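**Q** just the structure for this:
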Amino acid sequence: MKYYTEAADPELRERLEEELLSWPKASKRTMFGCPSYQAAGRLFAFLVDAGVVITHLRTADRETLSQHCEIEPFQAGERTIERWGQVAVNDERDLRYVLPYVRKSYEEALNRASEIWAEDEGP
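**A** Residues are numbered from 1 along each chain as shown. Coordinates of the predicted model:
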C-alpha cells in the first residue's frame, strides 16, 4: 500500500521540511515510502497524502487538535496504530495549526532518545 505520492502536494512537504529540518537533531529519511522526520533517530512525524502523521500525540492534544482538523488513527495496511494521529492538512492554515503538535511530538521523541542514552551510559 502506498501512503505518500509526491505529486499529491509537493508544496506541503517543502513547507513542512523548511520548519522541521531547522530544529536541532531533526533529520529526514524515507519510511513506509513516506518522507519521515526523526529527532535524534526517533520518529516523530511523517507525511501521507493530504496530511501528516504525528507519532507522539497525547490524548488531550489529540482531542484539542480534533476540534480544528480531521484526525484519525494511522492505518498501516490491516493494522491500526491508535496512538499515531493522521491529521488532514488541506491548506496553509491547517499546517500552521498542526505545527505546534508536531513540535510536541518532536520534543517527546528527543526526550525518549535522551532517556535511552542515559540508560546506555549506566551509573
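
**Q** quick one, what contacts Val87?
**A** Taking CB atoms under 8 Å, 6 or more residues apart in numbering, we find Val87 in contact with Gly51, Val52, Val53, Ile54, Leu65, Cys69, Glu70, Ile71, Asp94, Val98, Tyr101. All C-beta spots, glycine's among them, are computed from the backbone N, C-alpha and C.

**Q** in the chain, what spans have low per-residue confidence?
**A** Low-confidence regions of the chain, defined by pLDDT under 70, span residues 1, 116-123.

**Q** show me the residue at the heart of it, geometrically.
**A** By CA atoms, centre = their mean, the chain has its centre lying nearest to Ala45, at 1.7 Å.

**Q** touching the helix or strand harbouring that one from outside, list them.
**A** Assigned by DSSP states H and E, Ala45 belongs to strand 42-48. The contact list for strand 42-48, computed with CB under 8 Å, 6+ apart, reads 3-4, 12-13, 16, 20, 31-32, 34-38, 52-56, 74, 86, 102, 105-106, 108-110, 112-113.
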